[in-house]
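Trainee: build me a model:
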Amino acid sequence: MWMKLELRHLRVVCAIADAGSLSKASSLLGLAQPALTAQLHRIESLLGGKLFERDHKGARATPLGELVLERARVLLPAFSRLQEDALRLVDDNMPSERYRVGAVNGPMLGGVVHRITESHPGAHVSTQVSWSNEELAAAVAQGRLDYVLAAVCGDAPPPSEYGLTWNVIAVDPIFVLIPDDHPFTLLDEVELGQLKDMQWAVVPGDGCFGECFVAACSRAGFTPRTMYEVDINSCIDLAASGDAVALCQPTFRRAPGVVAIPLAGAPLRWRHLIGWDPESPAAEFAPHVLRYAGEAYRDTAERNPRYAAWLRTHRDFGVVRYHSRETVSP
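Mentor: This is a model prediction of the structure:
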């Protein structure tokens, strides 16, 4: 999948250089080391060469890495100053009541915005979307967002280095999208091993989902073939044509040509969380946004008959009855 170099990539390179190793950098960034390694490989592909020489002593910048670090240490502070100046200007011209919500791909953003605007008709509400939890968490820490609707694989922690308060909203199983004329659509659920000869598609994200998927396939007795990282529309197209099985959230709304069905035993889980800065003014309203997010998730789940029926027999999934706070060590 084509990508372009972004500031978050430069932050990753600086973190590795400052920490001196990928293992230390992964701890600082709140990422599993395989996920950070995969990110570094993507960045190196974008730049056309290796940025670090790695051995038992750690990671040392190559000449290309030194060049990138030199430019990054100029660009990142300059960008931060630009953000601060822009925020001051915007603050002087914005309504006193505002709500800025960031979200990764998930079922709740629209419902949250609707509930905020309905209960606070005079407020200014803005949104930002990204596939990266890290990017949105950083925006909250920097004062550019008030809340982030994030999602993490299994029991993985949310981004830890920003000092945010995190609460769990809901827990999803992972479903699969297959053509609507496939024989498996007649089943209540499909075994992961029954799909061993297929290729796969998924929307991109940071974290350990790719590694967890490969591990689940290994437990099912096979190694997955090609994994396409594509946008949601391409996932639907690939699934409808039978060229790939697309991994999806169970709240996926029906699209022409495809059906979302459960994986037997729910071998992959996805946790939805909300984060905010506990020292910011937004913290006072955070319990309301948490409630709005839970209501929005529940509404979306109920509009999907197959998932609603699945939830009735799988009580460990769906909206958490008592929202649990995530304890994340910086």
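Trainee: residues in contact with stretch 185-194?
Mentor: Contacts with stretch 185-194, where a contact means CB atoms under 8 Å, 6 or more residues apart in numbering, come from 176, 178-179, 184, 216-217, 220-222, 259, 261-264, 267. C-beta here means a position set from N, CA and C on the backbone, and glycine is covered the same way.
Trainee: just the ones of the residues you listed in helices?
Mentor: Residues of the contacts of stretch 185-194 located in helices (DSSP state H): 216, 217.
Trainee: out of the contacts of stretch 185-194, who's nearest residue 44?
Mentor: residue 217 (26.0 Å; CB to CB).
Trainee: spatially nearest residue to the closest one, not counting backbone neighbours?
Mentor: residue 224 (4.8 Å; CB to CB, 6 or more residues apart in numbering).
Trainee: doesn't residue 11 make contact with residue 68?
Mentor: No - look at residue 68 against residue 11 with CB atoms under 8 Å: they stay out of range, at 11.7 Å.
Trainee: neighbour count for the two, which is higher?
Mentor: residue 68 (23 against 16; other CB atoms under 10 Å).
Trainee: against residue 13, how distant is the more buried one?
Mentor: Counting by CB to CB, to the nearest Å, the gap between residue 68 and residue 13 amounts to 6 Å.
Trainee: what is in contact with the two at once?
Mentor: Common neighbours of residue 68 and residue 13 (CB under 8 Å, 6+ apart) are residue 51.
Trainee: hmm, back to that, which residues touch the residue nearest to residue 217?
Mentor: Residue 224 neighbours (CB under 8 Å, 6+ apart): 196, 200, 213, 214, 217.
Trainee: quick one: secondary structure of it?
Mentor: When classified by DSSP: H, G, I helix; E, B strand; the rest coil, residue 224 comes out as coil.
Trainee: also residue 296?
Mentor: helix.
Trainee: what's the local residue count around it?
Mentor: 24.
Trainee: pLDDT at the closest residue to it other than its chain neighbours, what is it?
Mentor: Counting by CB to CB, 6+ apart, residue 296 lies nearest to residue 111, which is 2.5 Å off, once chain neighbours are set aside. With respect to pLDDT, residue 111 scores 95.
Trainee: residue 111 and residue 291 touch, don't they?
Mentor: No - counting by CB under 8 Å, residue 291 is not a contact partner of residue 111; they are 11.2 Å apart.
Trainee: just to revisit the earlier point, overlap in contacts, residue 68 and residue 11.
Mentor: Joint contacts of residue 68 and residue 11 (CB under 8 Å, 6+ apart) do not exist.
Trainee: which element is the closest residue to residue 142 other than its chain neighbours on?
Mentor: Spatial nearest neighbour of residue 142, excluding adjacent residues (CB to CB, 6+ apart): residue 83 at 6.2 Å. Per DSSP states H and E, residue 83 falls inside helix 63-91.
Trainee: quick check: what element follows that helix along the chain?
Mentor: strand 98-103.
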